[in-house]
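K.L.:
What would the 3D arrangement of this be:
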Amino acid sequence: MQTKKNKTLGEFIIENQGSFQYSSGELSKLINAIRLAAKVVNHEVNKAGLVDILGTAGDVNIQGENQQKLDVLANDKFIQTLKNREIVCGIASEEEDDFIKINSHDERHQNKYVVLIDPLDGSSNIDVNVSVGTIFSIYRRVTPVGTPVTLEDFLQPGNNQVAAGYIVYGTSTMLVYTTGDGVNGFTLNPAIGTFYLSHPNMQFPETGKIYSVNEGNYVHFSQGVKDYIKYCQEEGKGRPYTSRYIGSLVSDFHRNMIKGGIYMYPKSSKASDGKLRLLYECNPMAFIAEQANGKASNGTKPILEIIPTELHQRVPFFCGSKKMVEKVETFINEKK
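P.N.:
Alright, predicted model coming up:
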């Protein structure tokens, strides 16, 4: 894979099509559609505070969460962009009750890919000007091409992903993605609206000194997770670690991949299955992590091996530097 800097995302996609086993141009068009939608959403995010897009929209999504105005806007932009390009046969969004069937104007309906998306991760942070992001996951359909998609096309284990990525809307806007051949990051030049390769071959350090968890939920965690947090805070052998928690999965993950660390959202007495969604958040982030020499687990088994049973399924999530994830697994398994 070529990783020369100053290459545009478009050039990179074209030059590296050959490294993708299903190289036919469709996936490249799909990544380009996501790139376009990301630029539109980035533009809207940067206008927050200047126009009336802050605060709640007045609706509750399928997750039982209050939708922010920007949740709705980002969801609409990504869905509409993917529909207009006529390159997917189905879309599932964290903000939608059910998956969306896409029928191409081509009577043969030959599109092979489905996209699962969290349009605006961490959107509650928008009102206070904290970084947010978009997470996406791409699969090849498993039902026959030429027929309408079914739930089976979306309920695939993470190991079946053909591509995944995220966009972080921060001090600079970055698109980070993988097609199963390493992880590369592209930074948007807002002056000309072009993404440039800025972080080639991104890798998690094998271990790190950052742990990211909502410690406000500490009393509700299992004993194994509590013991690991205590371990992170102990003196000796490079500890105590630094606690850093933004509350936006994309931002926490991105920082930990660059600096070394672990992100944790365990199950608790308040959320017996965890809070994060397997299909929209955990699977794509796990795929990226494992392609970047990291690890992702539900505490006892790899995230990518979990067989989904429902569209909005939640799971515990531990993701980051390999040795740190293995260490928390040890604490959890000791207390099982």
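K.L.:
Quick one: mean pLDDT for the helix or strand hosting I229?
P.N.:
When secondary structure is defined by DSSP states H and E, I229 falls within helix 223-233. For helix 223-233, the per-residue pLDDT values average out at 97.
K.L.:
Can you pull out the residues in contact with the helix or strand just after that helix?
P.N.:
Remark: after helix 223-233, the chain's next helix or strand is strand 242-243, criterion DSSP H and E. Under the criterion CB atoms under 8 Å, 6 or more residues apart in numbering, residues K209, I210, Y211, S212, V213, E215, C232 lie in contact with strand 242-243. Every C-beta, even on glycine, is put in place using the N, C-alpha and C of the backbone.
K.L.:
neighbours of the residue nearest to T171 when sequence neighbours are not counted, just the number please.
P.N.:
Among residues not flanking T171 along the chain, S131 sits closest, at 7.8 Å (CB to CB, 6 or more residues apart in numbering). In terms of burial, S131 registers 22 neighbours under the definition other CB atoms under 10 Å.
K.L.:
Which strands or helices does the helix ranked longest in the chain pack on?
P.N.:
For the chain, the helix reaching the highest residue count under DSSP state H is reported as helix 26-45. Counting contacts by 3 or more CB pairs under 8 Å, 6 or more residues apart in numbering; DSSP states H and E, helix 26-45 is packed against helix 9-15, helix 69-85, strand 113-121, strand 132-140, strand 163-169, strand 173-178.
K.L.:
how about the helices in the stretch 201-336 of the chain?
P.N.:
With DSSP state H, counting those that start in this stretch, the ranges of helices along the stretch 201-336 of the chain come out as 223-233, 249-259, 283-291, 322-334.
K.L.:
Okay, now the unreliable bits of the stretch 151-300 of the chain?
P.N.:
Applying pLDDT under 70 to the predicted model, the stretch 151-300 of the chain contains no residue that meets it.
K.L.:
hmm, 90 instead?
P.N.:
Low-confidence regions of the stretch 151-300 of the chain, defined here as pLDDT under 90, cover residues 170-171, 190-191, 236-237.
K.L.:
hey, C-alpha coordinates of stretch 114-125 in PDB?
P.N.:
Presented in PDB, the C-alpha positions along stretch 114-125 are these (Å, rounded to 0.1, in the frame of the first residue of the first chain):
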ATOM      1  CA  VAL A 114     -25.000  -2.100   2.900                       C
ATOM      2  CA  VAL A 115     -23.900   0.800   5.200                       C
ATOM      3  CA  LEU A 116     -24.400   1.100   8.900                       C
ATOM      4  CA  ILE A 117     -23.800   4.500  10.400                       C
ATOM      5  CA  ASP A 118     -23.800   6.600  13.600                       C
ATOM      6  CA  PRO A 119     -24.300   9.900  11.900                       C
ATOM      7  CA  LEU A 120     -23.200  12.100  14.800                       C
ATOM      8  CA  ASP A 121     -21.500  10.400  17.700                       C
ATOM      9  CA  GLY A 122     -21.300  12.500  20.900                       C
ATOM     10  CA  SER A 123     -23.800  15.000  19.600                       C
ATOM     11  CA  SER A 124     -24.700  16.200  23.100                       C
ATOM     12  CA  ASN A 125     -21.200  17.800  23.200                       C
END
